[in-house]
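[1] Next one to model:
(one chain, ligands or ions: 2)
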Amino acid sequence: MLDSLDYERLDRCKFSCEKICSLVCCNGATVITIDEIKDFYKIFPIYIGFRKYSSMNREHRSFLKNIGGELDDYFIIGDFIAGNRFKNYCLALDTDNLCRLQKEGKKPLQCQVVPFCAVFPENMQDIVFLQQRQLRFSKCQGYKESNGLDYVVWQDGFFTESSLRDAFYNFQKGLSKQSKFMKEILLSIYKEDFFKDFMEGEGILEMPIPIAMLFPILYEAGFSEEGSLDFILTQTRICQRELNENNLENTVIEDWFNELLELLNSYVKFIKSQNPL
Ligand code: SF4
Ligand code: SF4
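    Ligands and ions are numbered 1, 2, ... in the order given. Next up, the predicted model:
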């Protein structure tokens, strides 16, 4: 367990997003929850990502235990990746370098929460804020140093901006809702070599949504039977476009495309067998 006492702490986090540097955070892919799949399946390829986390205290440990699997002193948390990590630009980034989804009032929760992170408790977000600044967000222009109260978005353990707090807790709600699927997927892969490599290394384990779990996941995400078929057809088209147009080697998208195609072929065969003429 990591101890929050080991980290520099802040009374206040001051932040205001400056769109001029969107390429720092809008490259490739974002992360969404099960509750957002319906909003974004027509825009992004959607597949699964697992990450390793260490707990920071007892409260955090029980949260991580609830949403993920526990292995070798780590908690493994699964989410849905939306996009193509190998690209430099997010598919929702407009030519003016602004987020098209934000303009439409549909920005993904994770994108509303950055540079904070909903996998850590609200009262430890100052630690996340500082860590992000040293790592992925080192070129982010949104960190503010003013002496006054301008730009304060988190203070003494709490978010002070209601939209940020709502996005944070809605993301946590999504993590809890999808956790039963993520735990089941973990159980089916934890003995595989690729999973062992992930545990020994750094970074994300990406994989297609297992076909055996696709319909239960879509049902939980609010799709009807007809909607599920539309999801499959749309994702197949989007993956094909990513593989053809961008000429980027993304094996996860390739695997996802092949699995969807196989599923569609089986479906067509089934329909034909029901209507032989
Ligand atoms: S890098 Fe930071 S300030 Fe720049 S667009 Fe992203 S979140 Fe906003
Ligand atoms: S969805 Fe919008 S805010 Fe999120 S990474 Fe893409 S362009 Fe950026």
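[2] tally of neighbours for the residue of the stretch 101-250 of the chain found nearest ligand 2?
    With C-beta to the nearest ligand atom as the measure, Cys111 is the residue of the stretch 101-250 of the chain nearest to ligand 2, at 3.3 Å. Backbone N, C-alpha and C define where each C-beta goes, glycine included. Around Cys111 there are 20 other residues, counting by other C-beta atoms under 10 Å.
[3] Quick check: phi and psi on it?
    phi -70, psi -20 (degrees, to the nearest 10).
[4] State the pLDDT value of it.
    Per-residue pLDDT puts Cys111 at 96.
[5] Please, where are all the strands along this protein?
    In the chain, strands defined by DSSP state E lie at 12-14, 29-32, 46-53, 69-71, 74-83, 152-155, 158-159, 205-207, listed in chain order.
[6] Out of those strands, which gets nearest to ligand 2?
    Set against ligand 2 and scored by C-beta to the nearest ligand atom, the strands of the chain come closest in strand 29-32, at 4.3 Å.
[7] Is the closest one in proximity to ligand 1?
    No - applying C-beta under 6 Å from any ligand atom, one finds strand 29-32 out of contact with ligand 1, separated by at least 11.3 Å.
[8] can you list contacts of that strand?
    Strand 29-32 is contacted by residues 40, 44, 46, 49, 79-85, 87, 90, 108-111, 174 when judged by C-beta atoms under 8 Å, 6 or more residues apart in numbering.
[9] pLDDT of that strand, averaged?
    96.
[10] Let me know whether it sits next to ligand 2.
    Yes - with C-beta under 6 Å from any ligand atom as the criterion, ligand 2 is reached by strand 29-32 at Thr30.
[11] quick one, what contacts the residue of the stretch 101-250 of the chain closest to ligand 2?
    Shown in contact with Cys111 (C-beta under 8 Å, 6+ apart): 25-26, 30, 99, 101-102.
[12] Make CSV out of these and add neighbour count.
    Shown next, in CSV, are the contacts of Cys111 (neighbours: other C-beta atoms under 10 Å):
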residue, neighbour count
Cys25, 20
Cys26, 22
Thr30, 26
Cys99, 22
Leu101, 20
Gln102, 17
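[13] quick one: which of those is nearest Tyr267?
    Among the contacts of Cys111, Thr30 lies closest to Tyr267 (C-beta to C-beta), at 29.6 Å.
[14] Give the bridge partners for the closest one, please.
    On the basis of DSSP bridges, Thr30 is bridged to Ala82.
[15] Which stretches in the stretch 101-250 of the chain count as helices?
    Shown for the stretch 101-250 of the chain, the helices assigned by DSSP state H, counting those that start in this stretch span residues 109-113, 125-134, 162-189, 193-200, 211-220, 225-245.
[16] Is it correct that Cys21 is in contact with Phe137?
    No - the pair Cys21 / Phe137 is not scored as a contact, 9.4 Å apart, by C-beta atoms under 8 Å.
[17] So if I had to pick from the two, which one is more boxed in?
    It is Phe137, of Cys21 and Phe137, that has more neighbours when counted by other C-beta under 10 Å, with 19 against 15.
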